[in-house]
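Student: fold the stuff below for me.
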Amino acid sequence: MALRFISGSANSGPMRAAVRSFSAAAREVLQNAPESEVSTLKNGLRVASQPTASGTATVGVWIDSGSRYENDGNNGVATFLEHMIYKGTGKRTQAQLESELGKIGASLNSFTSREHTAYYAQCPTSEVEKTVDILADVLRNSKFDDAAIEAERNVLLRKMQEAEENIQEVVFDNMHAAAFQGTPLARSPLGTTEAIKEITRRDITEFAEDHYKPVRMVISGAGGVSHEQLTQLAEKYFGDLPNEYERKVPTVGGIRFTGSEYRYRNDNIPHMYGALAVEGVGLGHPDSLPLQVASTLVGQWDVTHAASTNAPSRLAQKVSTDPELFSYESFSLNYKDTGLFGIYFVLAGSALEDATTIVRRFQREWKHLTSGVTDVEVDRAKAQLKTILFRSMEGTTAKADSNARQVLYSGKLKTGSELIQEIDRIDAAAVREAMSRNVYDRDIVCAGVGRTEAWPNYSHLRYGMSWWRL
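Tutor: This is a model prediction of the structure:
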């Protein structure tokens, strides 16, 4: 998220006017955006759409299928399956798939997260049906050839090695492993090396049979495709897909947050990379939006931003001149029934005292949000949050993804105007109450990688979550 800098004091008349003006502009654009629609086929498959006047469309299938539905023995099978989908079907070889997609100017994309897998493509509006036809073919008729499985196994093992070089991703994976230890959310979507080496064709096919069911799917489209057209195509290509289960019906499993820490010291890594978080809330929880506003208030900063006392974030104003800190980024992650609210940061890691001082600043900012945040500050954050929504309305892929995830997570789809109204109702009291319920005096999870010798003591950090009551 790029922060929007507005010069001037937060309490000045020009600042308040700028916030009101921008908020009104955001509201007008979002309220005038085409409304989304949702319908359900007889077999339980849901169709979500948001048509716009566009020469292209994004259409795809989002599925309740991710590492949260795996076990220790097959961790990574959802990603393995995702990679195998493009290797050929009973009707088309891999080369034919690539050729047909190239002819219509479309390309298939996919990803697997902890809670869902998505397959989608952007295409000209005239080729929407052909794209849905191809999506249905790869999802329903993939061959899972043994030779292709072995080739893809090597690809996945290399991908896991490459992922180790993305320190931020490593920190977040370790944070999940610590926070949700002993529960399904602890598992990384990439899986483990041991599991990837042992996953068989049977594991892949059974996972597909168990999870790729219409009641677990959302076909989502945005751009140059009407809801009527998308529903008709869903019925034509997926309407006969059955819901029978030969094995146990998949469930997400229980969730338990554990206050804990994970540290991996490696002095060959030049800095200390870390995260500090508490348990957040699920996407549909009443505190979800107030916590998003709170996270926006904390904001983000890195050394490429000019040091300024006029930065939109109070915290950025305070830390921008500290040579020990290279960057920080607030986050509020939402899953179906839980989440993580926290801050990711990069420090020099040269001295314990310096690292402790900076992390204490993060905690003091949380304290401020719990006890002292003002309506003026919250109004600024709400305007910034609407900016994010602004941008999400610009691309058809982002719209299709957002709509599909809403339906998967809650079974419902909020219109842009409904979301704006919910944000507008949030005031400083709502932010303070959400922070008090979910952050104040809560157990924390910490994850650090690199020069962690200077990592603050866990008991001191835990104490820092409640010291302001004294």
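
Student: contact partners for the residue nearest to the spatial centre of the chain?
Tutor: Among the residues of the chain, L333 comes closest to the average C-alpha position under CA atoms, centre = their mean, at 6.4 Å. For L333, the contact set (CB atoms under 8 Å, 6 or more residues apart in numbering) comprises 280, 339-341. C-beta: built from backbone N, CA, C; applies to glycine.

Student: dump those residues into a markdown table; add neighbour count as well.
Tutor: Formatted as a markdown table, the contacts of L333 follow (neighbours: other CB atoms under 10 Å):
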| residue | neighbour count |
| --- | --- |
| G280 | 26 |
| G339 | 25 |
| L340 | 23 |
| F341 | 26 |
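
Student: which one of those is nearest Y262?
Tutor: L340 (13.6 Å; CB to CB).

Student: hang on, the earlier thing: please identify the helix or strand for the residue nearest to the centre of the chain.
Tutor: strand 325-334 (DSSP states H and E).

Student: picking that back up, and the residue nearest to the centre of the chain, what are its bridge partners?
Tutor: L340 (DSSP bridges).

Student: am I right that Y458 is in contact with G448?
Tutor: No: in this structure, Y458 is not within contact of G448 by CB atoms under 8 Å, at 10.5 Å.

Student: hmm, back to that, now the contacts of L333 in CSV, with distance to P189?
Tutor: Converted to CSV, the contacts of L333 look like this (distance: CB to CB, whole Å):
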residue, distance to P189
G280, 19
G339, 17
L340, 16
F341, 21
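
Student: circling back to that earlier point, tell me how far the strand holding L333 is from the chain's mean position?
Tutor: Remark: strand 325-334 is offset 13 Å from the chain centroid, using CA atoms, centre = their mean, to the nearest Å.

Student: swap in stretch 55-72?
Tutor: The chain centre lies 12 Å from the centre of stretch 55-72; the measure is CA atoms, centre = their mean.

Student: output the helix or strand where N109 lies as CSV, nothing but the C-alphas.
Tutor: Assigned by DSSP H and E, N109 belongs to strand 107-112. The C-alpha trace of strand 107-112 is given here as CSV (Å, rounded to 0.1, in the frame of the first residue of the first chain):
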residue,chain,number,x,y,z
SER,A,107,-3.5,-16.7,-20.3
LEU,A,108,-4.3,-18.9,-17.3
ASN,A,109,-3.1,-17.9,-13.9
SER,A,110,-3.5,-19.6,-10.5
PHE,A,111,-2.4,-19.5,-6.9
THR,A,112,-2.9,-21.4,-3.7
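
Student: next secondary structure after that strand?
Tutor: Criterion used, DSSP H and E; the element after strand 107-112 is strand 117-124.

Student: name the residues that touch whichever helix or strand comes after that next one?
Tutor: Counting by DSSP H and E, the next helix or strand C-terminal to strand 117-124 is helix 128-141. Helix 128-141 has contacts (CB under 8 Å, 6+ apart) with 57, 59-61, 85-86, 89-92, 97, 100-101, 104, 106, 108, 119, 121, 123, 212, 219, 221, 224-225, 229-230, 233-234, 237-238, 241.

Student: domains in the protein, by residue range?
Tutor: 37-239, 260-464 (the TED database).

Student: next one: the shortest one to chain centre, how far?
Tutor: For domain 37-239, the distance from its own C-alpha centre to the chain's C-alpha centre is 16 Å (CA atoms, centre = their mean).

Student: one more: the longest one?
Tutor: When C-alpha coordinates are averaged (CA atoms, centre = their mean), domain 260-464 and its chain have centres 13 Å apart.

Student: thinking again about what came up before, mark which of the contacts of helix 128-141 are buried, thanks.
Tutor: 57, 59-61, 85-86, 89, 92, 97, 100-101, 104, 106, 108, 119, 121, 123, 212, 219, 221, 224-225, 229-230, 233-234, 237-238, 241 (16 or more other CB atoms under 10 Å).

Student: now, which of those residues lie within helices?
Tutor: Secondary structure from DSSP state H places 97, 100-101, 229-230, 233-234, 237-238 of the buried ones among the contacts of helix 128-141 in helices.

Student: pull the most distant pair out of the residues you listed.
Tutor: L97 and Q229 (23.0 Å).

Student: what angle sits between the helix or strand harbouring E82 and helix 128-141?
Tutor: When elements are assigned from DSSP H and E, E82 belongs to helix 77-84. Helix 77-84 runs at 130 degrees relative to helix 128-141, counting by axes from the mean of the first three to the mean of the last three CA atoms, to 10 degrees.

Student: so what angle separates the directions of helix 77-84 and strand 117-124?
Tutor: 30 degrees.

Student: and helix 77-84, what does it pack onto?
Tutor: Secondary-structure packing of helix 77-84 (3 or more CB pairs under 8 Å, 6 or more residues apart in numbering; DSSP states H and E): strand 107-112, strand 117-124, helix 146-163, helix 201-211.

Student: most neighbours per residue, which of these?
Tutor: strand 117-124 (a mean of 23; mean count of other CB atoms under 10 Å).

Student: got the angle for it vs helix 201-211?
Tutor: Going by the same axes, to 10 degrees, strand 117-124 makes 80 degrees with helix 201-211.

Student: returning to what we had before: can you put the domains of the chain in a markdown table and add distance to G254 and mean pLDDT?
Tutor: Output for those, formatted as a markdown table (distance: least, CB to CB, whole Å; pLDDT from 0 to 100):
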| stretch | distance to G254 | mean pLDDT |
| --- | --- | --- |
| domain 37-239 | 6 | 96 |
| domain 260-464 | 9 | 91 |
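
Student: still on that earlier bit, how about residues contacting the helix holding E82?
Tutor: Here helix 77-84 makes contact (CB under 8 Å, 6+ apart) with 65-67, 69-70, 110-112, 117, 119, 142, 144, 148-149, 152-153, 155-156, 189-191, 195-196, 199, 203-204, 207-208, 211.
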